[in-house]
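Visitor: this one's sequence-less:
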């Protein structure tokens, strides 16, 4: 390997609209190991390295057809360094430490005329005026800079200006509810990887069917005839499974026309994986990005297990895939696991990230959230992490298209 090559981490955090559609992804990066740079530490990271890396990888592989929110330094904002990306794909984030002086504001105004978008990160010392707000499209408000009791006043103040508001660092149920009430235009934070949990209601039929299927699928003494009958009772699930088996993904010599034949062709390990994906995706009041997250986590856990020489990589895939089951079911994970016949180590991995599988899942989740200190503690090569993450995004995108998630 070329010693001059620089390893980078690549992560992405979704930015949601009020309807829980993905508007874009903030790209979370770190240029190399053994530095104190945090996920948004653009002041210390080399933007040239970042941009070159994303261009080399192919930014479409990371964000697909969404916008990329990427922190840039002053040299790009003032035109001293040419912008190396198309304006249709990028929202340039202006860090709190960048001075909003006359030179910068004039440059932003010119770039906005050309069609570039900008997001300004708010901070308590920022004094907004009409000239600043006309220069940016989005104001990113870190809600932890203010008590929730005074957050409404800050939002009301910002509403005088034409730019849209993004609630950043929304990490709890209470914070999400407050931000929804205050009327933000966009939302970002750890809590938003899971929809709001609803308790005290009867489990809807589709979720009940999912739980019943998973109970059968993960039973160590699963009866294949019982499983076949359970699948056949769901016309949509049967159709999608047969379509998947007969797709170009498998390129079989013969056409599979029955559920029994599909079970024989795929085998228990693969049938568990595919049916879990198909069944969870049929809970159709959940955001599609939730299933994409599940597939990326599952595939990345599997690839990391393979890179470590672990033979039971399918168990790692299962843990990654089921890690969003609480959000799918609208129930606490503990309560769900009490109903499923999973092994103790898988339960522990899902509940507390314990054991080898749990630590791998913890690393994957930290990677997608840009929590680089946790990522480093895994001891996994940054090249392995990056390549596994990009391969998982590509795989999840392909599978989503094939099964029409």
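Guide: Everything's here; your move. Because the structure is predicted, anything quoted here is derived from the model rather than measured.
Visitor: tell me the mean pLDDT for stretch 227-236?
Guide: For stretch 227-236, the mean per-residue pLDDT is 85.
Visitor: should've said stretch 93-102
Guide: Per-residue pLDDT over stretch 93-102 has a mean of 84.
Visitor: got it, and stretch 132-150?
Guide: Rounded mean pLDDT across stretch 132-150 is 85.
Visitor: And stretch 385-402, what's buried?
Guide: 385-386, 388-390, 392-397, 399-400 (16 or more other CB atoms under 10 Å). C-beta coordinates here come from the backbone N, C-alpha and C atoms, glycine included.
Visitor: which ones among those residues are found in strands?
Guide: Per DSSP state E, strands hold no members of those.
Visitor: where does the chain have low pLDDT?
Guide: When residues are selected by pLDDT under 70, those of the chain lie in 1-8, 29-58, 81, 124, 126, 192-206, 284-287, 403-405.
Visitor: My guess is residue 218 contacts residue 341. True?
Guide: Yes: proximity of residue 218 to residue 341 meets the contact threshold set by CB atoms under 8 Å, at 5.5 Å.
Visitor: which one of the buried residues of stretch 385-402 is nearest residue 190?
Guide: Residue 190 lies nearest to residue 389 out of the buried residues of stretch 385-402, by CB to CB, at 17.8 Å.
Visitor: residues touching the closest one, list them.
Guide: 10-11, 296, 300, 367-368 (CB atoms under 8 Å, 6 or more residues apart in numbering).
Visitor: Pick out whichever of residue 218 and residue 341 has more residues nearby.
Guide: Using other CB atoms under 10 Å, the more surrounded residue of residue 218 and residue 341 is residue 218, with 17 against 14.
Visitor: and the gap between that one and residue 299?
Guide: To residue 299, residue 218 is 19 Å away according to CB to CB, to the nearest Å.
Visitor: same question, residue 153
Guide: 45 Å.
Visitor: element containing the nearest residue to residue 122 once chain neighbours are set aside, please.
Guide: Distances taken as CB to CB, 6 or more residues apart in numbering put residue 141 closest to residue 122, at 4.7 Å, once the chain neighbours are dropped. Using DSSP states H and E, residue 141 falls within strand 138-142.
Visitor: Pull the contacting residues for residue 297.
Guide: Residue 297 neighbours (CB under 8 Å, 6+ apart): 320-321, 323-324, 361, 364-365, 368, 392.
Visitor: Which of the helices or strands spans it?
Guide: Applying DSSP H and E as the criterion places residue 297 in helix 288-307.
Visitor: Which positions within that helix qualify as buried?
Guide: By 16+ other CB under 10 Å, the buried positions in helix 288-307 come out as 289-305.
Visitor: what does stretch 153-170 give?
Guide: Buried-residue list, stretch 153-170, by 16+ other CB under 10 Å: 154-155, 158, 161, 163, 165-170.
Visitor: Could you tell me how far it lies from the centre of the chain?
Guide: Stretch 153-170 sits 24 Å away from the centroid of its parent chain (CA atoms, centre = their mean, to the nearest Å).
Visitor: Also stretch 257-268?
Guide: A distance of 32 Å separates the centroid of the chain from that of stretch 257-268, by CA atoms, centre = their mean.
Visitor: for stretch 171-178, same thing?
Guide: Distance, stretch centre to chain centre, for stretch 171-178: 19 Å (CA atoms, centre = their mean).
Visitor: what comes up buried for it?
Guide: 175-176, 178.
Visitor: and what of stretch 131-140?
Guide: The neighbour-count check on stretch 131-140 (16+ other CB under 10 Å) flags 132-133, 135-140 as buried.
Visitor: List of residues touching that stretch?
Guide: With CB under 8 Å, 6+ apart as the test, stretch 131-140 has contacts from 91, 93-94, 100, 105, 108-109, 112, 117-122, 128, 158, 161-166, 168, 185-186, 188.
Visitor: Could you tell me the end-to-end distance of it?
Guide: End-to-end distance of stretch 131-140: 17 Å, with CA to CA, to the nearest Å as the criterion.
Visitor: Run the chain-centre distance for it.
Guide: Mean-position distance between stretch 131-140 and its chain equals 27 Å (CA atoms, centre = their mean).
Visitor: before we move on, the earlier item: mind picking the two most distant members of the buried residues of stretch 131-140?
Guide: 135 and 140 (14.3 Å).
Visitor: How about the secondary structure of the nearest residue to residue 183 once chain neighbours are set aside?
Guide: Ranked by CB to CB, 6+ apart and with sequence neighbours excluded, the top spatial neighbour of residue 183 is residue 155, at 7.0 Å. Recorded secondary structure, residue 155: helix (DSSP: H, G, I helix; E, B strand; the rest coil).
Visitor: Ok, residue 14 next?
Guide: Under three-state DSSP, residue 14 falls in the strand class.
Visitor: Number the chain from 40, please
Guide: Taking 40 as the first residue, the last one we looked at is residue 53.
Visitor: my guess is it meets residue 227, correct?
Guide: Yes: if you go by CB under 8 Å, residue 53 and residue 227 touch, sitting 7.3 Å apart.
Visitor: Count the neighbours of residue 60 for me.
Guide: A count of nearby residues for residue 60, using other CB under 10 Å, gives 12.
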